[in-house]
Structure formats: C-alpha cells, structure tokens
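Chemist: Got a predicted structure plus its sequence, pasted below:
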Amino acid sequence: MTLEILTPEKKLYSGDVYGVQLPGTEGLFEVLDKHAPLVSSLGAGRIKILKDKTATSSYSIQGGFVEVLNNHVTVLVEGASAE
C-alpha cells in the first residue's frame, strides 16, 4: 500500500508501507493493505508508519484528515514534526 503525508508547505512522506497507525478524533486506528475505502478526521497525536513488520517511523501531528482509496492512503495535516 502507498502512503503520502502532506502539509500545506510540503510532502513529508511518500512510499510503500506495510501499514499506518493514526490518531483519530475518537481514538487510535490502523490501516493495513487492502483496507476498505475510508475518510476520517484526525486529532492531535502521533502517526506511526509501519514500513515493514519490524521497521517504523513516527510523526507528531496537530490534526488533519485521512483518505483511504484503492490501496492508497493520503494524510493531510496542518503541521507535523518527525519523532
């Protein structure tokens, strides 16, 4: 599955991933390969990118939105910083 994390200023991340954990406004959730289509708001918290079953990286975000469609995950955030 392909993940893109975008801010108004730049593209923070783009690449193939195993999965991604996101801070939804109602709690954490995870998107894996072949997930059903989804649009959700995100709260302040941490995005955890699962590059494969062992390697991860993270970004702190202030909030935003996520769209999952055709095995492509697009995360739009106001501000983010790498952890």
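Modeler: Done, it's in.
Chemist: so the nearest residue to Gly24 once chain neighbours are set aside bridges to which residues?
Modeler: With sequence-adjacent residues excluded and distances taken as C-beta to C-beta, 6 or more residues apart in numbering, Gly24 is closest to Ser40, at 5.5 Å. For glycine as for every other residue, the C-beta is placed from the backbone atoms N, C-alpha and C. Beta bridges link Ser40 to Val66, judged by DSSP bridges.
Chemist: residue ranges for the strands of this protein, please.
Modeler: Secondary structure of the chain (DSSP state E): strands at 2-6, 11-16, 19-24, 27-32, 38-42, 45-50, 56-61, 64-69, 72-77, 80-82.
Chemist: Please tabulate the ones you listed in CSV, including the columns mean pLDDT and mean neighbour count.
Modeler: Converted to CSV, the strands of the chain look like this (pLDDT from 0 to 100; neighbours: other C-beta atoms under 10 Å):
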stretch, mean pLDDT, mean neighbour count
strand 2-6, 96, 18
strand 11-16, 94, 12
strand 19-24, 96, 19
strand 27-32, 96, 14
strand 38-42, 96, 14
strand 45-50, 96, 18
strand 56-61, 94, 16
strand 64-69, 97, 18
strand 72-77, 97, 18
strand 80-82, 83, 13
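Chemist: Chain neighbours aside, what residue packs nearest to Ser41?
Modeler: Spatial nearest neighbour of Ser41, chain neighbours left out: Thr25 (5.0 Å); criterion: C-beta to C-beta, 6+ apart.
Chemist: Isn't that neighbour up against Gly43?
Modeler: Yes - counting by C-beta atoms under 8 Å, Gly43 is a contact partner of Thr25 at 4.5 Å.
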